[in-house]
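K.L.:
all I have is the shape, not the residue letters:
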């Protein structure tokens, strides 16, 4: 069985055919799905999907782009849901910062405050983190080392930042997705062998980051198979072993 540890099945792009998307994935060997909590507006949809489909779970949290919409009290009830398995996706994203220096610092400060609160929330309720990191590796590492303790979680869409590899010793896993199959993924391909196999999980980030050979199309959990094929090639391990180990890792990470 395969676990897609990060797929936005609550996205509007699945509103017309979610049954088919999940059915195709199950037929292809994907048995469990985790919907990250990125947008508070679609959180009820994520919870509904988890209640409808046995293998679907979800997380509650706010993406750094939506930091201004963060309100822990408004999200708290979702964290108590029996199929809520994590806090996030939360983190830092400095890719689209304002042009004005003062506004840049204000945006970074807000993102850090919201990230820290979600880290502390995860520790309070005993759930792992789903961490989004983009162009912010040093700051994310500092905050995780300072506040997360041994709570652990997963670095979503791990971007080959070697300074983050040490988090493997702090109960963090590394989410590997379709980027590994891209022709321009040289850095990730070089760093991939340095990640302990027992700390790797598979994800799609569907509907985004569609792997080769389907780039340009809507991504879906079935396409984890292309990620696993590339992992098998790079690790020189059988596909079945990659599937088995990453599934064990995901089950251990999320307690499912």
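P.N.:
Arrived safely, thanks for sending. Note that the structure is a prediction, hence the values are computed from the model and not measured.
K.L.:
my guess is residue 226 contacts residue 179, does it?
P.N.:
No. With contacts defined as Cβ atoms under 8 Å, residue 226 does not count as touching residue 179, sitting 11.4 Å away. All C-beta atoms are positioned from the backbone trio N, CA, C, and that covers glycine.
K.L.:
which residues touch residue 171?
P.N.:
For residue 171, the contacting residues are 128, 150-153, taking Cβ atoms under 8 Å, 6 or more residues apart in numbering as the criterion.
K.L.:
repeat that for residue 136.
P.N.:
Neighbour list for residue 136: 91-94 [criterion: Cβ under 8 Å, 6+ apart].
K.L.:
now the strands for the stretch 151-256 of the chain?
P.N.:
With DSSP state E, counting those that start in this stretch, the ranges of strands along the stretch 151-256 of the chain come out as 153-156, 172-176, 200-202.
K.L.:
quickly run through the sheet partners of the second one, with directions.
P.N.:
Paired with strand 172-176 in the same sheet, following DSSP bridges, are strand 153-156 (parallel), strand 200-202 (parallel).
K.L.:
quick check: mean pLDDT of it?
P.N.:
With pLDDT averaged residue by residue, strand 172-176 scores 98.
K.L.:
go on, stretch 181-193?
P.N.:
The predicted model gives stretch 181-193 an average pLDDT of 96.
K.L.:
just the buried residues of it, please?
P.N.:
Under the neighbour-count criterion of 16 or more other Cβ atoms under 10 Å, stretch 181-193 has 181-182, 185, 188-189, 191-192 buried.
K.L.:
on that earlier part again, can you redo the strands paired with strand 172-176 as a markdown table with distance to residue 14, mean neighbour count and mean pLDDT?
P.N.:
Shown next, in a markdown table, are the strands paired with strand 172-176 (distance: least, Cβ to Cβ, whole Å; neighbours: other Cβ atoms under 10 Å; pLDDT from 0 to 100):
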| stretch | distance to residue 14 | mean neighbour count | mean pLDDT |
| --- | --- | --- | --- |
| strand 153-156 | 19 | 29 | 98 |
| strand 200-202 | 19 | 25 | 98 |
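K.L.:
in JSON lines, list these along with distance to residue 212.
P.N.:
Compiled in JSON lines, the strands paired with strand 172-176 are given as follows (distance: least, Cβ to Cβ, whole Å):
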{"stretch": "strand 153-156", "distance to residue 212": "20"}
{"stretch": "strand 200-202", "distance to residue 212": "15"}
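K.L.:
name the member of the contacts of residue 171 with the most neighbours.
P.N.:
The most crowded member of the contacts of residue 171 is residue 153, carrying 28 neighbours; neighbours defined as other Cβ atoms under 10 Å.
K.L.:
right, and it touches residue 253 too?
P.N.:
Yes. Checked against Cβ under 8 Å, the pair residue 153 and residue 253 is within contact range at 7.5 Å.
K.L.:
name the residues contacting each of these two.
P.N.:
With the criterion set as Cβ under 8 Å, 6+ apart, the overlap between the contacts of residue 153 and residue 253 is 128, 173.
K.L.:
so how far is residue 1 from the nearest residue to residue 53 once chain neighbours are set aside?
P.N.:
Nearest residue to residue 53 in three dimensions, chain neighbours excluded: residue 22, at 5.9 Å (Cβ to Cβ, 6 or more residues apart in numbering). Plainly put, residue 22 is 14 Å away from residue 1 if you go by Cβ to Cβ, to the nearest Å.
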